[in-house]
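[1] need a structure here:
(2 chains)
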There are 2 protein chains.
Amino acid sequence: MAPLVVDVHTHVYPPAYMEMLRGRKTVPYVHDPAGDADPRLIILSSDDDPSIPLDERGRPVDASYWDIDVKLDFMRRHGINCSAISLANPWLDFLEPDEAQSWAERINDNLEETCARVNRVADPEKTLTLHEKETLYAFGALPLSAPDPGIVVNEIKRLKSLSHLRGVIMGTTGLGKGLDDARLDPIWAALEETGSLMFLHPHYGLPDEAFGSGDAMNRYGHVLPLALGFPLETTISLTRMLLAGVFDRFPRLKILLAHSGGTLPFLAGRIESCIHHERKFIANGGDVPGPQRSVWDVLKTNIFLDAVVYGTAGLKAAVEASGGADRLLFGTDHPFFPPLDSKEGAEWPSVTTNYKAIHAAFDQDAKEVAGVLGGNAARILDLR
Amino acid sequence: MAPLVVDVHTHVYPPAYMEMLRGRKTVPYVHDPAGDADPRLIILSSDDDPSIPLDERGRPVDASYWDIDVKLDFMRRHGINCSAISLANPWLDFLEPDEAQSWAERINDNLEETCARVNRVADPEKTLTLHEKETLYAFGALPLSAPDPGIVVNEIKRLKSLSHLRGVIMGTTGLGKGLDDARLDPIWAALEETGSLMFLHPHYGLPDEAFGSGDAMNRYGHVLPLALGFPLETTISLTRMLLAGVFDRFPRLKILLAHSGGTLPFLAGRIESCIHHERKFIANGGDVPGPQRSVWDVLKTNIFLDAVVYGTAGLKAAVEASGGADRLLFGTDHPFFPPLDSKEGAEWPSVTTNYKAIHAAFDQDAKEVAGVLGGNAARILDLR
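    The predicted structure is shown next:
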């Protein structure tokens, strides 16, 4: 029997969210070209380029982004038993303060209903094991732009009453000033208290100048911002949390980092060395507290990594930094990175690359492969 | 007998260069406080903060930056047999066009004389092996701001007449527009033709906004720009070379990447995946050529990595991406990252961390350890 496969990194834009984006004229927004061409999704500010006609701006999106049956078909085609779906970036970050709470409730209720419906069909008598059926769980979205962090805290607590929710997904802006903002403390406390996993995911990347201004962007499309900007955004964000002492104050926080931590496993040693050599920190004679716990300790205690890194080199660093393979979880990033030649029914290279890398990285140990593919996720997210 | 140890990542600011920086008022510059306090070196634009008194701006520098005897003492203390020294950042990048050539010749002649003098003392009869003596070799600096790339090409060729020069060191700006600039082609051709290794090293980091603006910079000092900005700068730069087809046009280029490639080994898979999914490239139906060779192929053919990554997680990714340990070279980053408590004669934790990581990463194979510590460098740089 093939091992259990759980996809922890797979996104949706529910139909109501797509409708809301259609009503917007600034990033993020959706534009419907005339005729039967696919809608265009413009979510990155670098894509909102007035010199490009609206019909060609951003990226085309098809039903894989909003139709859950298409996702179920994708799962079947790739041998995925269970997916923990999450709203795709930029989530609810951009909403006006007075809209945030109602949209979060609407999206999270919709995720709950979708999972409940699919799981009921898959196992009406509730007699099958996770391995024998096709099921969905979800990470909830948070109303981070709400006028009061208490509203975010309430939503985190409310999610515990939705039986298919398994934590939350969050970007790197927090309440607008990054994840080292002390105003987030009540939110970290609520996540700790409820034992909710937070899936930390990039969206904003790096300033365009980092890539050599407009030239490089025009020549190389999304390669630099997606391949390098996204992973570093995640790394910066987590490092700022560490430096601000978030893990000292909230030692039971559980965070799943997208794309195997961005670059955190590789840079952990350099981060630790730079902390030990930073004159600003009290330990080195300065006047800023600095972190008490090491990045290695946090990696082995608070952090989980998806296995969306497209090669054995990244996986080996991820396992070494995590102190073993049991904190590493398979993911696909569906519906992003579809094959460009899109043969009907074919496997996606972006997925098979990750499958192959997992098998190659752990070829000595079928148990480790099985853990990364699904066993770890089932245990950590309490999937049934 | 302890294995041969070669340090390929170790910098100097020759006295003449320090004097030149003393004459400047804009970054980079040196300020001498009143009394006998160490000079302050201000090389990062983020350090040139007018709200900080000049006497406290930037970082204190001592004789380890310019006195070669202090470096020899550092080498002895850490069991290093041979160092390939290089001018530290920002090299000659900032010079007026008409000064660049003469400064490059002056610095490179000075490096040659320093190496010759030290090596003559170490082995007057030329009878000892590399392992039995204390020697220096050097990477040359380039006059990149000169009015004509031909001047850079001439200096690359002239370096072949200096018997202790073993390649060049370069930052990421090239002729001012990054390393994907087609105007660099004659320079790549000259490096290929002369078989000169290029040591690619970061200096400019990322725009401050990447780290959350002034707030994070003030609270965390240099941690974010040095731990994360530097490595990503290297990664972006090398990726832009790849995307621009530099390695397709110059397949024999040899590049040593600082800090184990920045984050390149970890992100190589994601870069490759993003290239395969980029609609702009001809292979995917677009109109931009895109790279012909894969990042994995370039890593295994054109790239060498120093082992300055402060942990086994980074080293394992570096080895996996390089296809083995024989492209990995020990380094220290001396005189940067000195111990802050600076006990006279003590070992530097920034160095011992890397030693320990190398031993731990290859504990099954003394031959691999010996290669990384010195054997690879002796072979690749032709050290005697």
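
[2] Please name the residues that touch A:Trp91.
    With contact set as Cβ atoms under 8 Å, 6 or more residues apart in numbering or on different chains, A:Trp91 has these partners: A:141-142, A:144, A:169-171, A:203. Using the backbone N, CA and C atoms, a C-beta is placed for each residue, glycine as well.

[3] got it, and A:Asp49?
    Neighbours of A:Asp49 in contact, by Cβ under 8 Å, 6+ apart: A:Arg57.

[4] Can you tell me the SS state at it?
    coil (DSSP: H, G, I helix; E, B strand; the rest coil).

[5] so how far is B:Leu243 from it?
    19 Å (Cβ to Cβ, to the nearest Å).

[6] got the contact list for the spatially most central residue of chain A?
    Nearest to the geometric centre of chain A sits A:His201, at 3.8 Å (Cα atoms, centre = their mean). Counting by Cβ under 8 Å, 6+ apart, A:His201 makes contact with A:86, A:89, A:169-171, A:234, A:258.

[7] ok, which pair from the residues you listed is furthest apart?
    Farthest pair in those (Cβ to Cβ) is A:Ser86 and A:Thr234. Separation: 14.8 Å.

[8] Could you check which residue of the stretch 1-150 of chain A lies nearest chain B?
    A:Arg59 (8.2 Å; Cβ to the nearest Cβ).

[9] so what's the residue lying closest to that residue once chain neighbours are set aside bridging to?
    Nearest non-adjacent residue to A:Arg59, counting by Cβ to Cβ, 6 or more residues apart in numbering or on different chains: A:Leu41, 5.6 Å away. Judged by DSSP bridges, the bridge partners of A:Leu41 are A:Val30, A:Arg59.

[10] Closest one of the contacts of A:Trp91 to A:Val298?
    Proximity of the contacts of A:Trp91 to A:Val298 (Cβ to Cβ) peaks at A:Met170, which lies at 17.0 Å.

[11] Tell me how many other residues surround the closest one.
    Neighbour count for A:Met170, taken as other Cβ atoms under 10 Å in any protein chain shown: 26.

[12] Could you pull up the residues touching the spatially closest residue to A:Val372 that is not a sequence neighbour?
    The shortest distance from A:Val372 to any residue other than its chain neighbours is 4.9 Å, reached at A:Leu328 (Cβ to Cβ, 6+ apart). Listed by Cβ under 8 Å, 6+ apart, the contact set of A:Leu328 reads A:260, A:304-307, A:315, A:318-319, A:322, A:371-372, A:376.

[13] Kindly report the same for A:Lys126.
    If you count contacts by Cβ under 8 Å, 6+ apart, A:Lys126 has none.

[14] low-scoring stretches of the stretch 1-150 of chain A, by residue?
    Low-confidence segments of the stretch 1-150 of chain A (pLDDT under 70): none present.

[15] Tell me which stretches of the stretch 151-300 of chain A form strands.
    A:165-170, A:197-200, A:254-257 (DSSP state E, counting those that start in this stretch).

[16] right, so of the ones you listed, which gets closest to chain B?
    strand A:254-257 (12.8 Å).

[17] A:Ser86 and A:Thr234: which is more packed in?
    Taking neighbours as other Cβ under 10 Å, A:Ser86 and A:Thr234 compare with A:Ser86 leading, 26 against 23.
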